[in-house]
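S.K.: Any chance you can model this:
(one chain, ligands or ions: 2)
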Amino acid sequence: MKSPRQENPKLSQSKWVCSDLAVLKVFTKSPEETLNLGERVGSVSKLGDVICLEGDLGTGKTVFVNGIARGLGFAGPIRSPTFIIISLIPEIKLCHVDAYRLDAAEALISAGIDEFLEGDWICVIEWAEKVIEALPADRLWVKFSFSDADSERIIRFAPGAGWVERIRTLSG
Ligand SMILES: Nc1ncnc2c1ncn2[C@@H]1O[C@H](COP(=O)(O)OP(=O)(O)OP(=O)(O)O)[C@@H](O)[C@H]1O
Ligand SMILES: [Mg+2]
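M.R.: Ligands and ions are numbered 1, 2, ... in the order given. Modelled structure (predicted):
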């Protein structure tokens, strides 16, 4: 299998690769870099946003959510809400979902997600691919993957209409 660097030689010169406005690819070399990236996304997030995180166990989704929370002004650490599905941080209006244990979108709807998707919250969903049918089309999709190096992650952004400009500013 080709490494991501072989796929795109530009990556060795630049951390950010924005080959097309719809997709942005970032390499982070440490948990701190992923935290900082999440913080930048949090700093441009607003009420009503839906941020979908896809990626295998341990790829950095929860680290990124901690960054989003920090970008929204929350200092404390947050954990994956695996057993309670939906966890709220009311101070910053963050609704943090972990869909890992859910089989289908209906389970998330039964858990009451619509109240938060339609309300004044910022919803961040780990394992969003499992419940995609329950999620609105205008969302920021973020895909996390492992890289060749242990502490490197590949993070790809696919912004919905409401996110294109904001993601463009992040890559600048
Ligand atoms: N570049 C990196 N970015 C993020 N995390 C990294 C990176 N390099 C190493 N790590 C480590 O990988 C782990 C990521 O854990 P995290 O809980 O964020 O994963 P996750 O995707 O939320 O997994 P899960 O699906 O189990 O919830 C942490 O132990 C972190 O220290
Ligand atoms: Mg997690």
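S.K.: Can you tell me the closest non-neighbouring residue to residue 47?
M.R.: residue 120 (4.4 Å; C-beta to C-beta, 6 or more residues apart in numbering). For the C-beta atoms, the positions are set from N, CA and C on the backbone; glycine is no exception.
S.K.: Ok, residue 162 next?
M.R.: residue 138 (4.9 Å).
S.K.: Same check on residue 81?
M.R.: Counting by C-beta to C-beta, 6+ apart, residue 87 is the residue found nearest to residue 81 once chain neighbours are left out, at 3.4 Å.
S.K.: anything in the helix or strand that neighbour falls within sitting right up against ligand 1?
M.R.: In this assignment (DSSP states H and E), residue 87 forms part of strand 86-89. No. Strand 86-89 is not in contact with ligand 1 by C-beta under 6 Å from any ligand atom; minimum separation 12.4 Å.
S.K.: Contacts for the next helix or strand after that strand next, please.
M.R.: Proceeding N to C from strand 86-89, the next assigned helix or strand is strand 94-98, under DSSP H and E. Residues outside strand 94-98 that contact it (C-beta atoms under 8 Å, 6 or more residues apart in numbering): 65, 68-69, 72, 74, 78, 80-82, 85-89, 108, 113, 116, 121-127, 131.
S.K.: Keep only the residues you listed that also lie close to ligand 2.
M.R.: 80, 126 (C-beta under 5 Å from the ion).
S.K.: So how do I select the buried members of the contacts of strand 94-98 in PyMOL?
M.R.: To isolate the buried ones among those in PyMOL, judged by 16 or more other C-beta atoms under 10 Å, type:
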select buried, resi 65+68+69+72+74+78+80+81+85+86+87+89+108+113+116+121+122+123+124+125+126+127+131
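S.K.: Of the contacts of strand 94-98, which belong to helices?
M.R.: 65, 68, 69, 108, 113, 116 (DSSP state H).
S.K.: Contacts only, for the last one.
M.R.: Okay, so that is residue 116. Per C-beta under 8 Å, 6+ apart, neighbours of residue 116: 86, 88, 95, 123.
S.K.: now do 10 Å
M.R.: 50, 86, 88, 93, 94, 95, 96, 97, 122, 123 (C-beta atoms under 10 Å, 6 or more residues apart in numbering).
S.K.: Quick check: of those residues, which lies closest to ligand 2?
M.R.: Of all those, ligand 2 sits closest to residue 96, with 9.4 Å by C-beta to the ion.
S.K.: count of neighbours near that closest one?
M.R.: 27 (other C-beta atoms under 10 Å).
S.K.: sorry, back to before: next up, the contacts around the residue nearest to residue 47.
M.R.: By C-beta under 10 Å, 6+ apart, residue 120 lies in contact with 46, 47, 48, 93.
S.K.: Thank you kindly, that will do.
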